[in-house]
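> give the three-dimensional model of this entry:
(2 chains)
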Number of protein chains: 2
Amino acid sequence: MSGNETKDGYSAVDPSRRKFLGKTAMAGLAGTGAVLGLTACGSSQQPGGKLATAASAAAPASSSGEHPEYDVPPGKLDTYYLISSGGHSGEVRILGCPSGRTIKRVPVFNIDPMSGWGITNESRAIIGTRPDGQLKYWTGDTHHVHGSYKDGTYDGKYFWVNDKLNARVARIKGDTFDVDKIIDLPNVQGHHGLFPDKRDPVDASINYTTRVFAGAEFHIPLPNDGRDENSPEKYGCLFSCIDAESMEVRWQCRIDGNMDLVATTYDGKLAASNQYNTEGGVHYEDMMSAEQDSCVFFNIARIEHAVAGGKFTTIGDSKVPVVDGRKDANADPKTALTCYVPVPKNPHGVNASPDGKYFVCSGKLSPTCSVIEIDLVHKWFDGELAKPRDAVVAEPNVGLGPLHTAFDGRGNAYTTLFLDSKIVKWNVDAAIAQFKGNTQSNVIIHTIDVHYQPGHGYTSMGETKEPDGKFFNSGNKFSKDRFLPVGPLHVETEQLIDITGEQMKLIHDHSAAPEPHDAIIVRADIIKTRQIYDLNEFPNAVKSKEESTIERNGKNVHIRLMSQAPAYSMREFTVKKGDIVTITVTNHDKVEDLTHGFGIPKYNINFCINPQETKSVTFVADKPGVFWCYCTHFCHALHLEMRSRLIVEA
Amino acid sequence: MSGNETKDGYSAVDPSRRKFLGKTAMAGLAGTGAVLGLTACGSSQQPGGKLATAASAAAPASSSGEHPEYDVPPGKLDTYYLISSGGHSGEVRILGCPSGRTIKRVPVFNIDPMSGWGITNESRAIIGTRPDGQLKYWTGDTHHVHGSYKDGTYDGKYFWVNDKLNARVARIKGDTFDVDKIIDLPNVQGHHGLFPDKRDPVDASINYTTRVFAGAEFHIPLPNDGRDENSPEKYGCLFSCIDAESMEVRWQCRIDGNMDLVATTYDGKLAASNQYNTEGGVHYEDMMSAEQDSCVFFNIARIEHAVAGGKFTTIGDSKVPVVDGRKDANADPKTALTCYVPVPKNPHGVNASPDGKYFVCSGKLSPTCSVIEIDLVHKWFDGELAKPRDAVVAEPNVGLGPLHTAFDGRGNAYTTLFLDSKIVKWNVDAAIAQFKGNTQSNVIIHTIDVHYQPGHGYTSMGETKEPDGKFFNSGNKFSKDRFLPVGPLHVETEQLIDITGEQMKLIHDHSAAPEPHDAIIVRADIIKTRQIYDLNEFPNAVKSKEESTIERNGKNVHIRLMSQAPAYSMREFTVKKGDIVTITVTNHDKVEDLTHGFGIPKYNINFCINPQETKSVTFVADKPGVFWCYCTHFCHALHLEMRSRLIVEA
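Numbers count the residues shown, from 1 in each chain, chains lettered A, B, ... in the order given. Below is the predicted model of the structure:
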């Protein structure tokens, strides 16, 4: 242990810098101007010379675009998929890496007229609707996207993403990169962190993902139905476990404080979330009043044993079992469901090292990263460690505003420094040695400026047991002068960094529509996509010309169409004003990439149908007239001529 | 004139290739399989050796990424804005050129939770709502985006874009790249082509854009209220003239046939639209039965004189004056409002040469481009040209499936060949010489493969009097094997080509979310953006702490908030279940790029507020409980702590 410990044992390194930081942050809470220093960059009016210097630096010498080895020239393919959240755009994005080209926008919580997401009956059933037929939501806020694991690495089957805005979890299929399931988390607000497990906690032969864990950031009355609104001390946050296949919520665990990110161990036994606001404050100055918060560990086997043994309650209308993981209820390590490992206050991000040994909590308001040894957490649960803080084996001073940490598989960690606008490369073993008292230990290996103010950072395959130490991507929160201006809001910047050498090398800046948060970088060979659907997988497919019919049942009319370039199977279809019309379209083209669209003017309907796919829409024919249903997705030399008339009789 | 003329004078060049093409296209109309040859590429099963060979070619030797001079390395800026439509995504996109990086998505006809487009009161007023409060539409289909002109070049003030799906026109402000106006075109369906004028037709001192012209593609009953539904011979299409400032529809002109693209002359006197389906067919084989269609020219001064003289009708509820521009009503050139210049059937695209002399109609189903001399069209209107077809001064055979033509300012044209999957560079003067009978004229200069099947193509500043002949961008309709696969629907490909030399050089492939159509490439110095709003331009701004209040008027509650990192001006606000709540937020941060978000969990509300901007939302507080309104757009080290409680009392 280093000296300078507080009563609960966390190490208050470099108090002078922490004091400066605390002061600056607090100024913003009281006043109006000084706080700008935390976010402004490239400005000479900022407090803190280091801040201003780092952020206003011009492009570093290494970033001159002299890296043709990273070019992806015409006819060549990227070597990685970069699967990224899209923040409050509500979507997920697939990029090629290293090119940085966006190769798919996956609509998730948003409405996408291109694909028809939120418009077709099939997608509306996945998203959910209200009694009046409107979509339940068309907003969302995706932050963290993670893939399913097998044998400690990605298997390419599923990807999950959170919706912080409406407390949902969506699952994306890895073969088509489409969402197949969206669920609500009961009694949760501000679902933020999300991570799949990697192995079963009890049956080690199940060495693949069967659970997804979700942390809740906003503490609310439980249930949140109007009770206890003005009694924040009664508010609570739940950590949720979701079945990876059925997408049902298996259980929830109530904890102290607000949860941020989530990480899981490779042995499947533990999940963890870094926490802030263990104070339970509802005002920001309260949220950061305590000198420490925690990384809370969940003992999965014990929680599930408790649930199986009926030791749970339920909240409100929800039938999901809820166990009590609060600190006071888990004082005895040998029976505890949770372990609160103290770390400096308001940490941001917890990341698992690919060797399976450590979790690293990044300090945010502290210039440190806390390295927690998993085996020592296990020891605490076994009653063999004096106090949770003893599981912290290093706490290096890495720079100002550390948010997230990634790994290269060679023992090095890369932490984003939000305030310094830098990435710092540091050695984990050296940090442990330093923490043990070796003052000669060379912890910091290299730092590199990024532009500007990085949030998440992640490495190629760095969240698996197959880290390859090739690329680090810095997701920067401000771009300012990095791209041509487009009005008040700049696009965000992703900066790709070569981490193969001792020193990091900036490769290039990519733009990213606001606002990406986290991503994973997956080796291209892991993803196995399907290029054409199978007609038979759609129960409502229109399989032949004979099945292309108009069926009327009272006011319900079902028009069953086929599309084949450059025509739909019926040239006109007549309904009556007031009819409830369902149009089903099956795309009979079999050529890869030969997608058709189907748009109906003035009826607000548009969607596309991929080769051999079937989709449907339902609407009330409330406007009489002729409406040319046309192919909205370029398909053929006669694409413009591909249309049929919907005739609505007055 | 060349020989081989048909009765109306159009030149049927290379009849054997045209016959092949006609056959292939027709096969698709009758059968199911053969038509695939028109769209498939990289497949050996296609009919037509040339097609298959061209499309399945590997990346050409010139495309090896050996062009570091086109790199935009970290810290450097692009030299052009590429302003692109987004097809049935409903949006417009701003890209940097030559990097190909998307630097803004402009939400236009779609809903965008990131910015709050379609969610805030301000954007809903621009888009329009139905009596039940829902948005009128949240789908759209943007094809053509064009900018306002001054002195024959872009002035960067406005950009307009069409909505083909719901027959609308949107205007984007060039200083903020936000939409400020959306209008419906009355009695129009399938609004496709759009182009601003460049000069006033009468007052030559008004040498800037004051009108925007819009072509309608789908002919419909006039009015389309249930009458004449089964009498296609009574259907009609209107060409619309919109006031560039007020965005009111000034007049409409009824024509024969379906309009596709629109072009305008530099002298301001003429606009034109290429037409297909002059047959008035409602089935595709009818639409392409005639051997020729037209490029129809509109004599703007005469039309406006007719309108001023009361020589118009109105249609249905619309008060917009409609003049008759049909062929039969305009037989006398000296009084004609329109001039129908015959070109081979189903042309696609009409483009103005930057010297102001020619319009080029690309043949689509004919392997030709028709060069129309503007002065000769003027002569026809003056009664000095025998027949409209005599205005065609060249009709070179350029290859299979010519769709759109762009110019380099050095006398060369670049035409996209959809079926050949090539760009062909040809010389306009050489083509005119050839048409006059010079069989030695070297028309075709170079062709280059693109991947695959290009739609629009456009050059840097090529639609202005300042063409610089640097870049040509090919918007390809299929990408197939050019990027990592992401499931059945591939991303589209944009390919940037260097046109500075005699031969074209492919620079790189860029991905583009489906599905971009047309774009313009604007020199960076022309665009003058604003980086911070002015508080005073928002009448509902919350200007000071004193103005940050809660006002109740019966069930209507107005919560007036300020945002300043990392806090909103009120920490909690309490309303009652059933209240109609308006929340107005003014962002008091003044630092460039310091945008805040405002999301309300479970209330489907999210938007962002740029520096010094004000936005508002209105909703019914129908769910009791505590709802943490939080900043959804990363703003500060304490961004996660930036939230206030909406308390809805039961």
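> can you give me the end-to-end span of stretch A:582-594?
By C-alpha to C-alpha, to the nearest Å, the extent of stretch A:582-594 from end to end equals 24 Å.
> got the phi and psi for the residue most central in space within chain A?
Nearest to the mean C-alpha position of chain A, by C-alpha atoms, centre = their mean, lies residue A:144 at 1.2 Å. When read as degrees, to the nearest 10, the backbone of residue A:144 gives phi -130, psi 120.
> ok, it to chain B distance?
Separation of residue A:144 from chain B (C-beta to the nearest C-beta, to the nearest Å): 13 Å. Yep, even glycine has a C-beta here, placed from its N, CA and C like the rest.
> tell me the contacts of that residue?
A:85, A:161, A:162, A:192, A:193, A:194, A:195, A:261, A:262, A:517, A:518 (C-beta atoms under 8 Å, 6 or more residues apart in numbering or on different chains).
> enumerate every residue touching the closest residue to chain B within the stretch 101-250 of chain A.
Proximity of the stretch 101-250 of chain A to chain B (C-beta to the nearest C-beta) peaks at residue A:226, 3.1 Å away. By C-beta under 8 Å, 6+ apart, the residues touching residue A:226 are B:577, B:624, B:625, B:648, B:649, B:650.
> now, those that are in strands?
Using DSSP state E, B:625, B:648, B:649 are the members of the contacts of residue A:226 that sit in strands.
> which of the residues you listed are buried?
With burial judged by 16 or more other C-beta atoms under 10 Å in any protein chain shown, the buried subset of the ones in strands among the contacts of residue A:226 is B:625, B:648.
> which of the ones in strands among the contacts of residue A:226 come close to chain A?
Filtering the ones in strands among the contacts of residue A:226 for neighbours of chain A using C-beta under 8 Å from any C-beta of the partner chain leaves B:625, B:648, B:649.
> pretty sure the second one contacts residue B:572?
No: taking contact to mean C-beta atoms under 8 Å, the distance of 11.3 Å between residue B:648 and residue B:572 leaves them out of contact.
> burial count for residue A:332?
8 (other C-beta atoms under 10 Å in any protein chain shown).
> mind checking the SS state of it?
Classification of residue A:332 by DSSP: H, G, I helix; E, B strand; the rest coil places it in coil.
> what pLDDT is listed against it?
Each residue has a pLDDT score; the one for residue A:332 is 97.
> then residue A:48?
29.
> please spell out which residues along stretch A:226-244 are buried.
Buried, per 16+ other C-beta under 10 Å, within stretch A:226-244: A:226, A:228-229, A:232, A:235-242, A:244.
> that should have said stretch A:421-439, apologies.
A:421-428, A:430-435.
> which members of those residues are the farthest-apart pair?
In these, the most distant members under the criterion C-beta to C-beta are A:421 and A:433, with 28.4 Å between them.
> so how far is the host helix or strand of residue A:627 off the chain centroid?
Using DSSP states H and E, residue A:627 falls within strand A:625-630. How far strand A:625-630 lies from its chain's middle: 41 Å, per C-alpha atoms, centre = their mean, to the nearest Å.
> tell me which strands and helices it is in contact with?
strand A:596-600, strand A:643-649, strand B:189-196 (3 or more C-beta pairs under 8 Å, 6 or more residues apart in numbering or on different chains; DSSP states H and E).
> okay, those in CSV with distance to residue B:148 and mean pLDDT next?
CSV is the format used below for the helices and strands packed on strand A:625-630 (distance: least, C-beta to C-beta, whole Å; pLDDT from 0 to 100):
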stretch, distance to residue B:148, mean pLDDT
strand A:596-600, 28, 98
strand A:643-649, 32, 97
strand B:189-196, 6, 97
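> could I get the ones you listed as TSV with distance to residue A:213?
As requested, the helices and strands packed on strand A:625-630 are exported to TSV (distance: least, C-beta to C-beta, whole Å):
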stretch	distance to residue A:213
strand A:596-600	39
strand A:643-649	48
strand B:189-196	50
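> could you identify the least confident member of the buried residues of stretch A:226-244?
Scoring the buried residues of stretch A:226-244 by pLDDT puts residue A:232 last, at 92.
> can you tell me how far that one is from residue B:319?
59 Å (C-beta to C-beta, to the nearest Å).
> ok, now residue A:463?
Counting by C-beta to C-beta - residue A:463 and residue B:319 are separated by 63 Å.
> hang on, the earlier thing: within reach of chain B, which of the contacts of residue A:144 are there?
Among the contacts of residue A:144, chain B is touched by none when using C-beta under 8 Å from any C-beta.
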